[in-house]
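Q: Pasting a predicted model and its sequence here:
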Amino acid sequence: MKDCAGKTVLITGAAMGMGRLFALKFARASCSLVLVDIDQQALAATASEVSVPVHTYTCDISDREQVNSLAASVHRDAGMIDIIVNNAGVLYGYPFVKCPDDLIARTIDVNVKGSLLITRAFLPDLITRRRGHIVTMASASSLTGVPDLAAYAASKHAVAGFSESLRLEMKKYGFDGITTTLVFPHFVDTGMVTGVRSSILLRPEDVVDRVFNAVLKDRRLVYMPWWLRFIPLLISVLPATLGDWILFTAGVSRTMESWTGHGKTP
């Protein structure tokens with residue numbers, strides 16, 4: 001098990017929800033923090049809760065110029081990054097044909113483009129030191145389809161593929177000290193999933209604890225609950241009609257029907 005004390009951790013979406021909890025968790029482990037979010041006021045509130053060195057930056061991570069400016073500011077103020085936590089994300093629950101174009105674009109921009117831009121901007125820090133860790137928050141929807149959640153599921157399939165490809169690149173080019181953790185949680189009980197109809201709502205504190213321990217142990221994959229790891233196998237061996245029947249019987253088709261999130265857009 002490695003020790004992350006003294007490391008500098010960059011967390012996106014750090015103003016609230018799991019991002020805030022990640023900040024508190026790494027602070028308790030004596031890490032320095034670089035906190036990034038678009039909500040400046042809430043970001044400052046998170047920073048006020050920790051007693052370790054902390055730098056906060058307001059940034060739209062889907063904007064390449066803003067991310068490049070962010071990287072320059074971080075390197076000037078805080079030095080090089082050791083751990084990247086790609087936590088920022090958005091979720092909208094609509095039948096795909098009714099989902100507003102701007103929300104589809106925002107889902108891909110934040111969840112996919114944001115993760116890639118942030119990682120690309122700070123990966124050279126890890127390569128220079130030949131060590132570091134990258135956390136990518138995927139989703140249970142990365143493993144299967146979910147009705148009324150097509151854009152979000154697409155974005156989480158994308159970041160899962162990105163994380164695994166990056167992991168293999170690091171091995172290919174001899175950077176074995178740079179490790180990755182890819183996280184597949186079921187719905188996490190934050191404001192983003194308000195109204196979701198699900199028998200499983202994970203406590204955000206539990207997810208953060210599991211991810212933090214995975215970083216310490218260089219664990220590649222985290223499934224919550226544990227049985228999610230069997231979904232790809234079941235999809236590959238079961239006839240589609242049977243697999244669909246199981247999902248629909250389990251209520252997956254109705255999961256998003258009452259979703260409101262932070263305020264459902266008409």
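A: Received it, and whenever you're ready, just let me know what you need. Nothing here was measured: the structure is a model prediction, and the numbers come from that model. Numbering: from 1, shown residues only.
Q: Residue 191: neighbour count?
A: Residue 191: 11 surrounding residues under other Cβ atoms under 10 Å. Glycine gets a C-beta too; all of them are placed from N, C-alpha and C.
Q: List the contacts of it.
A: 16-17, 261-262 (Cβ atoms under 8 Å, 6 or more residues apart in numbering).
Q: and the longest helix seen in the chain, what does it pack onto?
A: If you go by DSSP state H, the chain has its longest helix at helix 150-172. Secondary-structure packing of helix 150-172 (3 or more Cβ pairs under 8 Å, 6 or more residues apart in numbering; DSSP states H and E): helix 101-108, helix 115-129, strand 132-137, strand 178-185.
Q: looking at it, residue 179 is touching residue 133, isn't it?
A: Yes: the criterion here is Cβ atoms under 8 Å, and residue 179 meets it with residue 133 at 5.2 Å.
Q: For the protein, just list every one of the helices.
A: Per DSSP H, the chain carries helices over the ranges 17-28, 40-47, 64-77, 101-108, 115-129, 150-172, 204-216, 231-237, 240-249.
Q: who wins for proximity to residue 143 among the ones you listed?
A: Nearest to residue 143, of all the helices of the chain, is helix 231-237, at 4.4 Å by Cβ to Cβ.
Q: The residue nearest to residue 260 when sequence neighbours are not counted: neighbour count?
A: Distance criterion Cβ to Cβ, 6 or more residues apart in numbering; nearest residue to residue 260, sequence neighbours excluded, is residue 195 at 4.0 Å. If you count neighbours by other Cβ under 10 Å, residue 195 ends up with 12.
Q: and the gap between residue 195 and residue 262?
A: Separation of residue 195 from residue 262 (Cβ to Cβ, to the nearest Å) stands at 10 Å.
Q: can you pull up the bridge partners for the residue most central in space within the chain?
A: Per Cα atoms, centre = their mean, the C-alpha nearest to the average position across the chain is that of residue 137, at 2.6 Å. For residue 137, the beta-bridge partners under DSSP bridges are residue 183.
Q: ok, now residue 85?
A: Beta-bridge pairing for residue 85 (DSSP bridges): residue 11, residue 135.
Q: other SSEs contacting the lowest-mean-pLDDT helix or strand in the chain?
A: Lowest on mean pLDDT, DSSP states H and E among the helices and strands of the chain sits helix 240-249, with a mean of 87. Here helix 240-249 touches helix 231-237, going by 3+ Cβ pairs under 8 Å, 6+ apart.
Q: Quick one: list the elements packing against the helix it packs on.
A: helix 240-249.
Q: Only the buried residues of the helix it packs on, if you could.
A: Buried residues in helix 240-249, counting neighbours by 16 or more other Cβ atoms under 10 Å, are found at 243, 247.
Q: which residues touch it?
A: So helix 240-249 is contacted by 144, 234-235, 238, 253 (Cβ under 8 Å, 6+ apart).
Q: Of those, grab the buried ones for ChimeraX.
A: Buried residues among the contacts of helix 240-249 (16+ other Cβ under 10 Å), as a ChimeraX selection:
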select :144
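Q: Need the residues touching each of residue 179 and residue 133.
A: residue 218.
Q: Please identify the most buried of the helices of the chain.
A: Neighbour counts (mean count of other Cβ atoms under 10 Å) averaged over each of those peak at helix 17-28, with a mean of 22.
Q: picking that back up, by neighbours, which of the contacts of residue 191 wins?
A: Busiest of those [other Cβ under 10 Å] is residue 17, holding 20 neighbours.
Q: How about that one, nearest residue that isn't a chain neighbour?
A: Counting by Cβ to Cβ, 6+ apart, residue 17 lies nearest to residue 190, which is 4.3 Å off, once chain neighbours are set aside.
Q: Contacts only, for that neighbour.
A: Shown in contact with residue 190 (Cβ under 8 Å, 6+ apart): 16-18, 204.
Q: The same query, at a cut-off of 10 Å, please.
A: Residue 190 makes contacts with 16-21, 91, 201-204, 207, 261-262, as judged by Cβ atoms under 10 Å, 6 or more residues apart in numbering.
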